[in-house]
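Engineer: Please find the sequence and the predicted model below.
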Amino acid sequence: MIGTQTAISINKLTTDELSFKQVAYMAYTGQYELVHSILRKLPVERRDEFSDKDILGQTIWGSIERIRSLRSVHNDELIKYEKQFLIDILEQFISYCNLTNLYPKEIFQSILYVSEELIHLASLNEAIKYLQLAFDLGINNFPNLRVDAINKITKIYSKQGRIEDSTNQLIHLIEHPYFITDSNQVPDILFRLSRAVLKSGEVAQYKMMLFLGLRYFYTNTETRRDFVDQLRLTYRSSYKLLFKRKVKIIDKLLYLIHLLYYKLPNFHKINFGSINKAATRSLLGIVYIINYIKKSEPVRLKKNHIGNFRPVLADVNNLDILSEEKKTNERGTRILITRAMGGIGDLLMMTPGLHALKNKFPNKEIHLAIPRRYFQIFQNNPDVKLIDIEEDFFSHFLYTRWFNFTDCPASRKESRSAPNVKKSRIDIFAQAMGVKGIRLFTMDRRPRYFISQDEHKFADDFFERAKLNDEAVIGIQLHSEETYRDYPQMENLVEVLSKKFKVLLFDSYRIDGYNFKNVIKIDSFRLREAFAIAHKCDGVIAPDSSFVHFAAAFEIPTIALFGPIDGEVRTKNYSNCKFIDAQDQLGCLPCWRNENIPCKLTGMRNSACMESIPVNRIVFELEKLLKRCGK
């Protein structure tokens with residue numbers, strides 16, 4: 001959560017002086033202390049009037065911060081009082097989501113924050129209850145939060161002595177690494193799994209997990225040191241480990257290489273840090289090569305002689321449940337790409353790379369494992385065969401190539417090079433799939449999306465009923481998935497445009513307001529229906545989100561509104577797209593911040609740069625673009 005200090009005197013404010021809209025703005029801008037204080041003073045019977053994901057989320061964060069401050073002074077009575085308020089607000093948030101049948105990311109973040117605090121307060125069963133409820137509500141839709149929830153559950157189980165339950169949860173993650181959004185989380189999971197296995201008395205499996213921690217490829221060398229130290233303690237000395245007959249040669253080699261690496265002096269002190277950097281690259285290079293020469297085996301559960309489950313390394317060539325599937329794959333006819341999350345914009349930006357990959361390997365099937373709710377993005381796309389990543393059984397070990405985009409290569413590349421990002425996500429995704437050289441250079445970079453004949457007819461009928469065929473129609477995507485990319489003056493923009501064009505407003509939630517003449521709200525249609533309608537628009541206006549990339553697939557004239565993210569990089573491959581930002585007014589752009597990092601200028605969640613884009617500039621650039629494109 002993002003918070004800010006405020007100069008307003010909280011004690012002088014009363015809820016009678018504040019409207020829902022004012023409190024919602026405070027919450028939207030991250031003023032959690034103020035929002036918490038306002039709801040704290042409300043009578044219980046009035047709290048429902050302020051049911052909103054931002055208000056309730058910021059109130060929860062303010063309550064957690066209050067409890068933390070009370071813990072530091074050991075005020076148990078006030079902690080008990082504040083804890084009850086925290087639980088009441090969380091229950092209100094859950095009830096609000098159930099009532100609207102909408103479960104945004106904020107509800108799951110709130111559950112995770114509250115459960116963490118409950119663990120600190122030794123309310124373990126209560127924490128488990130809410131974490132399990134998160135899975136019932138749909139936390140699987142957010143893979144990074146899902147992994148966090150599983151980690152918290154395993155920690156609670158471990159504290160309660162439920163070793164088998166803790167082990168099973170951790171093994172589920174290791175067996176399905178394509179759910180993990182950051183590969184650097186894998187070693188932490190393995191390390192905790194090794195401890196859980198040791199507590200259950202499986203010493204051999206405990207050692208195996210430690211060696212597996214060295215064998216997996218990840219870049220955090222300090223985490224690797226933890227495995228080296230734990231192995232040295234387990235065998236009492238490096239000498240005994242290296243001369244132990246039962247230890248595999250490959251494991252001895254990996255341990256020795258790591259040991260020598262950590263014996264290397266710190267040459268940074270004498271300005272020869274390049275030696276340490278070269279050693280780090282060599283270490284990671286050797287681990288990477290070993291992973292390709294001898295792939296890390298999957299961890300699977302087997303019952304031991306007393307009926308308990310224990311983790312073992314499975315022999316990929318002897319997985320009974322997969323033997324027939326593997327026989328059909330012996331000639332290497334399939335490629336696997338996994339992505340456990342959206343968003344729609346990223347999936348569309350993956351399509352040029354997928355098409356280039358298919359052209360590179362025309363005789364191989366490309367299996368794209370994604371959540372079923374995103375299948376519609378690839379409907380009628382001949383480049384891929386879709387797999388439900390959450391339901392269908394498959395093993396990434398049975399593919400000749402596996403590209404895991406849950407650990408998003410574009411996010412990693414951008415975070416390393418920000419704010420000097422130069423490469424578009426389309427190119428990053430394609431290169432991460434192995435599209436290089438002349439194929440990358442000649443690749444068609446337009447996103448690929450296929451509209452069926454039935455969808456064309458649906459859109460034609462809609463335009464006919466709405467009497468839009470002889471009108472200039474502008475489609476506007478009101479919101480992005482993340483609020484820091486939204487345009488705060490959108491309602492003013494729509495009002496101005498409605499005096500010149502027919503305007504179609506697109507949003508996945510019910511659209512309130514915007515009650516202007518010539519405005520039609522598209523908020524009750526399925527995604528493919530909405531895209532079919534948008535395809536017929538003369539122009540599109542959207543923040544940095546899915547409609548920008550959808551419009552590019554059909555070269556629809558588009559005005560893309562950008563703030564923290566570099567619009568030039570995102571839209572460089574879209575010929576009929578004009579991006580607008582506030583770089584001429586604010587030199588801090590692009591900062592490449594995300595939803596969890598406050599704006600440096602305001603200290604709040606909303607982006608000052610998005611607020612600085614004038615409405616009249618957008619209208620001017622739209623009319624200019626439409627004229628250039630002959631609309």
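Structural biologist: Structure received.

Engineer: got a list of what Leu625 touches?
Structural biologist: Gly539, Pro557, Thr558, Ile559, Asn576, Lys578 (Cβ atoms under 8 Å, 6 or more residues apart in numbering). Every residue, glycine included, has its C-beta placed from N, CA and C.

Engineer: Strands of the chain, residue ranges please.
Structural biologist: Per DSSP state E, the chain carries strands over the ranges 299-303, 309-313, 334-338, 365-370, 385-388, 401-404, 473-477, 502-506, 519-522, 539-543, 558-561, 577-580.

Engineer: Tabulate these (JSON lines), appending mean pLDDT and distance to Leu212.
Structural biologist: What follows is the strands of the chain, written out as JSON lines (pLDDT from 0 to 100; distance: least, Cβ to Cβ, whole Å):
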{"stretch": "strand 299-303", "mean pLDDT": "47", "distance to Leu212": "8"}
{"stretch": "strand 309-313", "mean pLDDT": "44", "distance to Leu212": "8"}
{"stretch": "strand 334-338", "mean pLDDT": "93", "distance to Leu212": "20"}
{"stretch": "strand 365-370", "mean pLDDT": "95", "distance to Leu212": "23"}
{"stretch": "strand 385-388", "mean pLDDT": "94", "distance to Leu212": "26"}
{"stretch": "strand 401-404", "mean pLDDT": "89", "distance to Leu212": "17"}
{"stretch": "strand 473-477", "mean pLDDT": "96", "distance to Leu212": "45"}
{"stretch": "strand 502-506", "mean pLDDT": "96", "distance to Leu212": "47"}
{"stretch": "strand 519-522", "mean pLDDT": "95", "distance to Leu212": "50"}
{"stretch": "strand 539-543", "mean pLDDT": "96", "distance to Leu212": "43"}
{"stretch": "strand 558-561", "mean pLDDT": "96", "distance to Leu212": "45"}
{"stretch": "strand 577-580", "mean pLDDT": "96", "distance to Leu212": "46"}
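
Engineer: Export the ones you listed to a markdown table and append columns for distance to Val435 and mean neighbour count.
Structural biologist: A markdown table is the format used below for those (distance: least, Cβ to Cβ, whole Å; neighbours: other Cβ atoms under 10 Å):
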| stretch | distance to Val435 | mean neighbour count |
| --- | --- | --- |
| strand 299-303 | 31 | 15 |
| strand 309-313 | 33 | 18 |
| strand 334-338 | 12 | 23 |
| strand 365-370 | 12 | 21 |
| strand 385-388 | 19 | 16 |
| strand 401-404 | 11 | 19 |
| strand 473-477 | 29 | 26 |
| strand 502-506 | 32 | 24 |
| strand 519-522 | 35 | 17 |
| strand 539-543 | 27 | 27 |
| strand 558-561 | 25 | 26 |
| strand 577-580 | 23 | 20 |
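
Engineer: Those: which one's closest to Tyr288?
Structural biologist: For those, the distance to Tyr288 is smallest for strand 401-404, at 14.4 Å, taking Cβ to Cβ.

Engineer: Tell me the strands beside that closest one, with direction?
Structural biologist: When pairing is defined by DSSP bridges, strand 401-404 lines up against strand 334-338 (parallel).

Engineer: which residues sit against the strand it pairs with?
Structural biologist: 178, 350, 354, 357, 361, 364-370, 384, 389, 394, 396, 398-406, 433.

Engineer: re the thing from before, adding distance to Ala530, write the strands of the chain out as CSV.
Structural biologist: Listed next are those as CSV, based on distance: least, Cβ to Cβ, whole Å:
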stretch, distance to Ala530
strand 299-303, 42
strand 309-313, 46
strand 334-338, 26
strand 365-370, 20
strand 385-388, 21
strand 401-404, 30
strand 473-477, 9
strand 502-506, 6
strand 519-522, 5
strand 539-543, 12
strand 558-561, 16
strand 577-580, 19
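
Engineer: Out of the ones you listed, flag the one nearest Phe458.
Structural biologist: strand 519-522 (12.3 Å).

Engineer: tell me what the closest one is packed against?
Structural biologist: Here strand 519-522 touches strand 502-506, going by 3 or more Cβ pairs under 8 Å, 6 or more residues apart in numbering; DSSP states H and E.

Engineer: what angle separates the strand it packs on from strand 473-477?
Structural biologist: Here strand 502-506 points in a direction 20 degrees away from that of strand 473-477 (axes from the mean of the first three to the mean of the last three Cα atoms, to 10 degrees).

Engineer: ok, residues contacting strand 502-506?
Structural biologist: 468, 471-478, 494, 497, 511, 514, 516, 518-523, 530, 533-534, 537, 547.

Engineer: Run the chain-centre distance for it.
Structural biologist: Centre-to-centre, strand 502-506 and its host chain are 29 Å apart (Cα atoms, centre = their mean, to the nearest Å).

Engineer: hey, C-alpha coordinates of it in CSV?
Structural biologist: Output in CSV follows, covering the C-alpha atoms of strand 502-506 (Å, rounded to 0.1, in the frame of the first residue of the first chain):
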residue,chain,number,x,y,z
LYS,A,502,-20.5,9.8,-31.3
VAL,A,503,-18.6,8.3,-28.4
LEU,A,504,-18.6,4.7,-27.2
LEU,A,505,-17.3,4.2,-23.7
PHE,A,506,-15.7,0.8,-22.9
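
Engineer: List the neighbouring strands of that strand plus their orientation.
Structural biologist: Strand 502-506 has these strand partners (DSSP bridges): strand 473-477 (parallel), strand 519-522 (parallel).

Engineer: TSV for those, including distance to Ser95?
Structural biologist: Below are the strands paired with strand 502-506 laid out as TSV (distance: least, Cβ to Cβ, whole Å):
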stretch	distance to Ser95
strand 473-477	30
strand 519-522	27
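
Engineer: of these, which approaches Leu440 most closely?
Structural biologist: strand 473-477 (29.6 Å).

Engineer: For the protein, which helix or strand comes out least confident on mean pLDDT?
Structural biologist: None of the helices or strands of the chain scores lower by mean pLDDT, DSSP states H and E than strand 309-313, at a mean of 44.

Engineer: show me where pLDDT drops low in the stretch 251-400 of the chain?
Structural biologist: 267-273, 291-332 (pLDDT under 70).

Engineer: residue ranges of the helices in it, please?
Structural biologist: 273-293, 323-327, 344-360 (DSSP state H, counting those that start in this stretch).

Engineer: Mind listing what's buried along the longest one?
Structural biologist: So the one you mean is helix 273-293. Buried residues in helix 273-293, counted by 16 or more other Cβ atoms under 10 Å: Asn276, Ala279, Leu283, Leu284, Val287, Ile290.

Engineer: follow-up on the earlier one: nearest to Glu49, out of the strands of the chain?
Structural biologist: Using Cβ to Cβ, the nearest of these to Glu49 is strand 519-522, at 24.9 Å.

Engineer: wait, which of the strands of the chain is closest to Ser123?
Structural biologist: With Cβ to Cβ as the yardstick, what comes closest out of these is strand 309-313 (28.5 Å).
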